[in-house]
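Enquirer: I would like to see how this sequence folds:
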Amino acid sequence: MPFTHWLARLRGSTLPAYQLIPELIAEDLQQGRLAPRERLPPLRELATRLQLNYTTVVRGFAQARERGLIASRPGLGSYVRGSFIGLPLRAGTGAEMTMNLPPELEDHPALRALQEAASASIAAAPLHDLMRYQDFGGTARDRALAVQWLRQWVTQASAERVLVAPGIHAVLLALVSLLVKKGQSLCVEPLVYPGLKAIAAHLNVQLHPLEMDGEGLLPPAFEAACRTAPVGALYLCPNLHNPTTATLSLRRRERLADIALRYSVPIIEDDAYGMLPAATPPPLAELAPELTYYVSGFSKWLGAGLRTAQVLAPTLATAQRLAGALRATTVMASPFVNAVVADWLEQGHAAEVLTAVRAECAWRSALIRERLGGLGVLTQPNGFHAWLPLAPAADGHCVAGELAASLQSLGVAAVAASAFCTDRQPAEALRLCLGGALTR
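Expert: Got it, this is the predicted structure:
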């Protein structure tokens with residue numbers, strides 16, 4: 001139990017101690033300092049060690065229980081409930097403060113056309129057709145239009161290898177469960193999409209963090225892992241990396257693809273942000289097509305509530321196996337959503353909105369570079385999140401979590417690096433989201 005660490009944080013924090021205690025438990029869960037079902041000390045003992053009033057510790061543990069971080073049983077005391085943070089149930093949109101959301105265009109012609117087309121799609125579709133079970137992966141029309149869309153980035157995409165799924169997260173859950181066997185690990189960047197950490201914890205999959213620099217994943221680190229550990233798959237976000245904004249160069253992609261081919265390691269290429277830049281290097285799906293699962297979707301440029309994604313599997317056989325895994329975990333994508341998206345793609349509305357979102361992202365990225373460039377902020381010209389390194393505190397304690405909480409209270413979607421960390425060595429940095437409901 002990291003009492004020394006807690007004591008330093010409590011002394012340096014402006015938050016009331018009872019509010020900080022749940023945050024300290026959450027951070028230790030994320031960083032591996034606390035394990036599932038680990039017993040916590042008696043409250044009076046903890047109060048003494050932390051130099052706090054007993055009532056303060058009781059209030060802090062009560063808040064931790066409300067967030068699902070710990071539980072208590074008579075005769076057993078308090079213990080840790082899980083290895084990752086669950087989202088509290090909310091009636092509104094409080095979770096948006098920790099999510100990466102694209103800008104919401106206000107009163108834009110492309111968005112108005114999108115809404116009109118959606119209404120027309122639902123009105124014209126036979127209702128019972130949309131309310132029946134469907135074969136997994138979308139209709140032949142859904143897949144054909146998905147292929148036309150994906151070929152902007154993966155020129156060799158084909159309908160027999162494409163599945164339309166209910167969101168990228170669902171695809172990642174199915175892929176990790178399918179590709180990473182017992183005793184194997186999933187190679188990842190040291191900072192990853194927090195949802196992947198939750199998936200790995202849920203499936204009891206060990207993450208193997210690899211080194212990265214300002215350009216992204218380091219190929220020698222991947223090869224070293226392949227030589228020394230049982231690797232089930234490599235997961236990476238090559239374009240507009242979440243959270244650091246890095247984009248892998250062509251040379252690095254070629255080296256990673258070569259290593260994967262030599263060691264026969266499947267690749268999960270999460271290209272959630274790849275449609276935002278005007279141009280990107282070729283995807284790994286073209287450099288190692290026989291091993292790469294290319295995943296794309298609409299949540300990072302159109303809206304997170306639109307739970308639809310496309311995944312391009314390496315072969316027909318792997319697409320069929322993935323369809324089975326997805327059906328087991330999600331049953332199917334919503335026929336209502338699929339019908340609307342298919343019309344948007346066919347009528348060109350999706351492309352018009354993407355163009356408008358790129359322009360809005362460019363304006364916002366330019367603004368944050370102007371305001372925070374002197375602090376070393378990292379952005380991409382067409383991205384909607386920024387990575388802000390922080391100077392260490394004078395007394396050495398971590399400030400990112402406290403600063404993120406303060407910014408969230410002001411309506412700024414800031415998330416501390418610890419939420420993305422997989423190597424238990426979180427940087428002092430923040431991811432700042434420039435989208436969501438924020439207006440210019």
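
Enquirer: Where in the chain is the helix or strand with the lowest mean pLDDT?
Expert: helix 3-12 (a mean of 77; mean pLDDT, DSSP states H and E).

Enquirer: what comes up buried for that helix?
Expert: Buried residues in helix 3-12, defined by neighbour count with 16 or more other Cβ atoms under 10 Å: 6, 8-10, 12. In this view, the C-beta of every residue, glycine as well, is placed from N, C-alpha and C.

Enquirer: cool, and stretch 241-250?
Expert: Residues 241-248 are the ones in stretch 241-250 that count as buried (16+ other Cβ under 10 Å).

Enquirer: of all those residues, which comes closest to T228?
Expert: L248 (22.9 Å; Cβ to Cβ).

Enquirer: those helices in the stretch 251-400 of the chain, which residues are they?
Expert: 284-287, 316-330, 335-347, 349-372, 400-409 (DSSP state H, counting those that start in this stretch).

Enquirer: Rounded mean pLDDT for the second one, please.
Expert: Read it as helix 316-330. Average pLDDT, helix 316-330: 92.

Enquirer: Check which residues of it are buried.
Expert: Across helix 316-330, burial judged by 16+ other Cβ under 10 Å covers 318-319, 322-323, 325-327, 330.

Enquirer: got those residues as TSV, with distance to Y133 columns?
Expert: Formatted as TSV, the buried residues of helix 316-330 follow (distance: Cβ to Cβ, whole Å):
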residue	distance to Y133
T318	24
A319	20
L322	19
A323	14
A325	18
L326	14
R327	10
T330	13
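
Enquirer: if we can go back for a sec, where among the helices of the stretch 251-400 of the chain is average confidence lowest?
Expert: helix 400-409 (a mean of 84).

Enquirer: Geometrically speaking, which residue is the centre of the chain?
Expert: Y193 (3.0 Å; Cα atoms, centre = their mean).

Enquirer: show me what contacts it?
Expert: Counting by Cβ atoms under 8 Å, 6 or more residues apart in numbering, Y193 touches 237, 242, 270, 272, 420.

Enquirer: if I look at it, how far off is A272?
Expert: Counting by Cβ to Cβ, to the nearest Å, the separation of Y193 from A272 is 8 Å.

Enquirer: which residues do the two both contact?
Expert: 237, 242.

Enquirer: Return the distance of R37 relative to R73.
Expert: R37 is 11 Å from R73, by Cβ to Cβ.

Enquirer: which neighbours do those two share?
Expert: Between them, R37 and R73 share these contacting residues under Cβ under 8 Å, 6+ apart: Y79.

Enquirer: quick one: the least confident helix or strand of the chain to helix 400-409, angle?
Expert: 40 degrees (axes from the mean of the first three to the mean of the last three Cα atoms, to 10 degrees).

Enquirer: Centre of the chain to helix 3-12, how far?
Expert: Counting by Cα atoms, centre = their mean, to the nearest Å, helix 3-12 is centred 30 Å from the centre of its parent chain.

Enquirer: what's the next secondary structure element after that helix?
Expert: Using DSSP states H and E, the helix or strand that follows helix 3-12 in sequence is helix 17-30.

Enquirer: If I take that next one and helix 400-409, what angle do their directions form?
Expert: Using the same axes, to 10 degrees, helix 17-30 lies at 120 degrees relative to helix 400-409.

Enquirer: what mean pLDDT does helix 17-30 have?
Expert: Helix 17-30 comes out at a mean pLDDT of 84.

Enquirer: mind listing what's buried in that helix?
Expert: Buried-residue list, helix 17-30, by 16+ other Cβ under 10 Å: 17-18, 20-30.

Enquirer: and the next element down the chain from that helix?
Expert: Next element after helix 17-30 (DSSP H and E): helix 43-50.

Enquirer: Name the residues that touch that next one?
Expert: 3, 6-7, 10, 17, 40-41, 53-54, 56-58, 61, 78.

Enquirer: and what of stretch 107-114?
Expert: Contacts of stretch 107-114 (Cβ under 8 Å, 6+ apart): 105, 344, 349-350, 352-353, 355-356.

Enquirer: So which bits of it are buried?
Expert: Neighbour-count burial for stretch 107-114 [16+ other Cβ under 10 Å]: 108, 110-111, 113-114.

Enquirer: correct me, but I259 touches P219?
Expert: Yes. With contacts counted by Cβ atoms under 8 Å, I259 reaches P219, the gap being 6.1 Å.

Enquirer: mind listing the helices for the stretch 101-250 of the chain?
Expert: So, for the stretch 101-250 of the chain - with DSSP H, counting those that start in this stretch - the helices run 109-124, 127-130, 140-150, 168-179, 194-203, 219-228, 250-263.

Enquirer: No further queries at this time; thank you.
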